[in-house]
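Asks: model this:
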Amino acid sequence: MTERIPALKKETEPPRTRRGKKLLGLLIALAAILVVVLFFRSPLSKISEIQVNGSEFVSREEIVQALGVSAGDSFFFPGIGKLKQRVEELKPVESVLIVKSFPGVVRVEVKEHAHVAVRLSADGSLSAILSNGLVLPMPEGKLPDKPILSGWQADDENLAELCKALSDLPGYLLSDLSEIQPDPSVSYPKRIKLFTRSRFEVTTSIDLLKDKIAYLSDIVQNREPGKITMLDVDYYLPYSAENVAE
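Replies: Predicted structure coming up:
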């Protein structure tokens, strides 16, 4: 007769082993906290350099001041969103991109409102006019390659709209403009006269300019110099035909 051997009881884990694991976990946690504390106290967690690119009318010093941080400050705080918001409060700035590169480098890429025109003051000094209507001193050494606004009053309500319209012009066409004068009439209170370096004289209206850009570009690039009217009806008359008529 065979006799069944009873199953061996599974040995329970000694309490000492469980206490050892808890102690090991606690030591690891304390070591991690110590590493974090030492890291945030080390130069690796600080800003070592601030790079600024793309600014022309706002100085590097103004941008760094707007950021509110400098070398030696925390690399992680404030966050990128907060820094971006601070710089975009500067009036010449249209948008900004901020990139943090570890360790310690903060790069600021600035996009300013487009420079669309130049104002000549009575004393002969030049001022730059941006697409948002902001008037700023011309940077030293910068050549006035944008149209000069003559005959405009500083408080003219059409001036801001004109600057916005100019920002929509192709770059080659904007640089070809030499002068812009107000020329209002009863029918067209926003009428203006444009003079180009390629010897065209253009009569149009600020509110029509955006829709007339393609027509204007085609004539300036492919026709001989002359007079262009771009209002409700468009006309083009070369100076040669005008002289023959006379």
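Asks: pLDDT value on Lys164, please?
Replies: Here the pLDDT value assigned to Lys164 is 92.
Asks: list the buried residues for the host helix or strand of it?
Replies: Assessed by DSSP states H and E, Lys164 sits inside helix 159-167. In terms of neighbour count (16 or more other C-beta atoms under 10 Å), helix 159-167 has its buried residues at Leu159, Leu162, Cys163, Lys164, Ala165, Leu166, Ser167. Glycine gets a C-beta too; all of them are placed from N, C-alpha and C.
Asks: among those, which pair sits farthest apart?
Replies: Leu159 and Ser167 (13.2 Å; C-beta to C-beta).
Asks: returning to that earlier point: so what touches the helix holding Lys164?
Replies: For helix 159-167, contacts defined as C-beta atoms under 8 Å, 6 or more residues apart in numbering pick out 113-114, 116-117, 129-133, 147, 149, 152, 174, 177, 180, 190, 192, 206-207, 209-210.
Asks: among those, name the buried ones.
Replies: So, by 16+ other C-beta under 10 Å, the buried ones in the contacts of helix 159-167 are 113-114, 116-117, 129-133, 147, 149, 152, 174, 177, 180, 190, 192, 206, 209.
Asks: which ones are touching the residue nearest the centre of the chain?
Replies: When C-alpha atoms, centre = their mean is applied to the chain, the residue found nearest the centroid is Lys111 (2.2 Å). Lys111 is in contact with Gly54, Val93, Glu94, Ser95, Val96, Leu97, counting by C-beta under 8 Å, 6+ apart.
Asks: before we move on, what about Glu179?
Replies: Applying C-beta under 8 Å, 6+ apart, one finds that Glu179 lies in contact with Pro147, Ile148, Leu149, Ser150, Leu194, Phe195.
Asks: could you rerun that using 10 Å?
Replies: 117-118, 120, 147-151, 193-197 (C-beta atoms under 10 Å, 6 or more residues apart in numbering).
Asks: pLDDT and distance to Gln85 added to the residues you listed, as CSV?
Replies: CSV is the format used below for the contacts of Glu179 (pLDDT from 0 to 100; distance: C-beta to C-beta, whole Å):
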residue, pLDDT, distance to Gln85
Ala117, 94, 29
Val118, 93, 31
Leu120, 81, 36
Pro147, 93, 34
Ile148, 93, 36
Leu149, 92, 32
Ser150, 88, 38
Gly151, 87, 39
Lys193, 96, 41
Leu194, 95, 38
Phe195, 95, 42
Thr196, 93, 41
Arg197, 91, 41
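Asks: residue contacts, the spatially closest residue to Leu177 that is not a sequence neighbour?
Replies: Distances taken as C-beta to C-beta, 6 or more residues apart in numbering place Pro147 nearest to Leu177, at 3.7 Å, with adjacent residues excluded. By C-beta under 10 Å, 6+ apart, the contact set of Pro147 is 116-118, 129, 166, 169, 174-180, 194-197.
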